[in-house]
Each structure stands twice: as C-alpha cells, then as structure tokens.
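A.B. asks: coords please:
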Amino acid sequence: MPTWDISFPIRDRMPGFPGDPAVQVTPVRRLDRGDAYDLSSLAMSSHTGTHLDPPRHFIPGAVGVDRLDPVRFNGPARVVVLPPEATVVDGIQVGRIPAGTERVLFRTRNSERWDRSEAFFEDYVALDDTAAEELVRRRVGLVGLDALSIERDSTGKFPVHHTLLGGGALILEGLRLSGVPEGAYELRCLPLRIADGDGGPARALLWSP
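C.D. replies: All right, here's what the predicted structure looks like:
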C-alpha cells in the first residue's frame with residue numbers, strides 16, 4: 001500500500017515556533033573519534049516538529065499525553081486539500097468533510113513551503129474560530145495541520161486551541177503533507193509517552209487503503 005511519512009525529521013537547530021526552546025542534537029560519543037559506539041544528547045521542547053497537543057496543553061488539570069487512548073490518534077483519517085490561494089481554514093472548508101469523519105488532516109500551501117525552506121514563516125495558513133467550532137460540532141476527534149501551530153493569534157488567548165481541546169478534539173501539528181492527495185487514509189501516530197506531558201513529539205504516517 002502507498003505510504004507517506006508526514007513527520008518532520010528531528011535535527012539540530014530545526015525550525016520551531018517562536019519563543020520555544022531551540023532543538024539541540026549534540027554528539028556525546030562517536031565511532032569516528034575512537035569511541036565504542038555513537039550516542040547523542042537531545043534537548044528540545046515537548047512541541048518539537050510533528051507533535052500532538054493533549055488537553056493538558058491549555059486546560060488546567062486536564063489529561064496529559066501519556067494518558068490518552070492511542071485509538072484517538074490512530075485509525076481512519078481524511079486529508080482535505082485547500083487551494084493554494086486559501087489563507088485560512090474556515091467553517092466553510094470544514095463543511096466539505098464527509099459526515100462521520102473522526103480524524104481530519106488539512107493540507108495547505110504550508111506543506112509546499114516547507115519543501116522549499118524549513119525556515120519558520122509567520123504568514124502560515126491556520127484555522128479560524130469558525131473552523132474550530134464546526135469541527136467540534138461535527139465531533140471530529142483529531143485535527144491535524146501542516147503548520148507548527150493550529151492557529152495564528154495575536155491576542156495570546158488562543159481561542160482555537162481552547163475550542164478544540166475543550167470540545168474533545170486532539171490537535172496534531174507540524175505535519176508534512178506535500179504530495180499527499182486528498183482522500184481517505186489510515187493514520188498511524190505515536191507521540192512520546194511523556195509523563196503528564198503537555199505535548200508529545202510524534203512519528204506520523206499515512207497508509208492509503
């Protein structure tokens with residue numbers, strides 16, 4: 001079956017959301033220096049690259065990434081491709097999703113921009129309030145986007161995160177969906193099992209049925 005790896009590879013000084021700790025991959029032991037084996041140390045945030053946002057990320061006392069049922073982020077998923085001119089994912093675009101969809105991944109022009117450069121860009125396509133509200137109304141359980149954040153918010157209140165996480169939807173950010181056609185897939189996603197984690201870097205793949 002056709003397979004797509006839709007994850008960011010974790011590497012030294014990879015792009016991150018502004019204000020987040022920089023990723024550092026530091027060699028500790030190296031065969032070419034005469035050591036018996038290769039070994040590196042990793043320093044990164046819980047929201048590095050492709051990652052899952054659990055309710056705990058924004059809701060005090062809510063469940064962390066380690067206590068989520070993996071069924072919630074594994075199973076049938078739908079990729080929705082937005083036209084290149086789309087600057088936002090809104091409720092109208094959410095209306096294209098077939099009834100009963102449990103997991104949806106939005107492919108926007110962000111994915112093609114990641115192909116050209118991995119430098120962070122501020123004008124990424126993101127979800128607005130109407131999209132978040134419609135997704136919750138439809139009881140979608142997981143929402144993915146090809147940006148390092150699901151929303152662009154200058155107020156610091158993060159309404160899209162609050163609506164989705166408070167309404168029962170998990171968030172999968174930092175996807176690489178370039179070349180993935182619109183349609184139905186099987187999603188396999190395994191975030192790191194960080195105790196009481198507010199986020200979990202993840203390997204995510206799609207299989208075409």
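A.B. asks: between the two ends of stretch 110-122, how far is it?
C.D. replies: End-to-end distance of stretch 110-122 (CA to CA, to the nearest Å): 11 Å.
A.B. asks: contact partners of that stretch?
C.D. replies: Residues outside stretch 110-122 that contact it (CB atoms under 8 Å, 6 or more residues apart in numbering): 14-18, 84, 124-125, 145-148, 152, 175-178, 180. The C-beta positions use only the backbone N, C-alpha and C, and glycine is treated the same way.
A.B. asks: report the contact partners of the residue most central in space within the chain.
C.D. replies: Here the mean C-alpha position of the chain is nearest to the C-alpha of Glu173 (CA atoms, centre = their mean), at a distance of 1.7 Å. With contacts defined as CB under 8 Å, 6+ apart, Glu173 is in contact with 47, 50-53, 144-145, 147-150.
A.B. asks: in strands only, show me these.
C.D. replies: Here DSSP state E is the test, and the contacts of Glu173 give 51-53, 144-145 as lying in strands.
A.B. asks: picking that back up, drop anything exposed from the contacts of stretch 110-122.
C.D. replies: 14-16, 124-125, 145-148, 152, 175-178, 180 (16 or more other CB atoms under 10 Å).
A.B. asks: and the pLDDT for the residue at the greatest distance from the centre of the chain?
C.D. replies: Distance to the chain centre peaks in the chain at Gly34, reaching 39.0 Å (criterion: CA atoms, centre = their mean). For Gly34, the model assigns a pLDDT of 97.
A.B. asks: and it, how close does it get to Pro18?
C.D. replies: 40 Å (CB to CB, to the nearest Å).
A.B. asks: ok, Glu118 next?
C.D. replies: The value you get for Glu118 to Pro18, if CB to CB is used, is 15 Å.
A.B. asks: which parts of this protein are strands?
C.D. replies: Taking DSSP E as the test, the strands found in the chain are 3-5, 24-29, 39-43, 51-53, 75-81, 88-89, 103-107, 126-127, 142-145, 170-173, 183-191, 200-207.
A.B. asks: the inter-axis angle of the third one versus strand 200-207?
C.D. replies: For strand 39-43 against strand 200-207, the angle by axes from the mean of the first three to the mean of the last three CA atoms, to 10 degrees is 110 degrees.
A.B. asks: and strand 39-43 with strand 24-29, angle?
C.D. replies: Computed by the same axes, to 10 degrees, the angle separating strand 39-43 from strand 24-29 equals 160 degrees.
A.B. asks: name the helices or strands packed onto strand 39-43?
C.D. replies: strand 24-29 (3 or more CB pairs under 8 Å, 6 or more residues apart in numbering; DSSP states H and E).
A.B. asks: show me which of the ones in strands among the contacts of Glu173 is closest to Pro98.
C.D. replies: Nearest to Pro98 among the ones in strands among the contacts of Glu173: Gly144, at 16.3 Å, using CB to CB.
A.B. asks: how about the closest one, what does it touch?
C.D. replies: Contacts of Gly144 (CB under 8 Å, 6+ apart): 77, 103-106, 171-173, 175, 204.
A.B. asks: one more time with 10 Å, if that's ok
C.D. replies: The neighbours of Gly144, taking CB atoms under 10 Å, 6 or more residues apart in numbering as the test, are 6, 50, 52, 73, 77, 79-80, 103-107, 150, 170-175, 177, 187, 189, 204.
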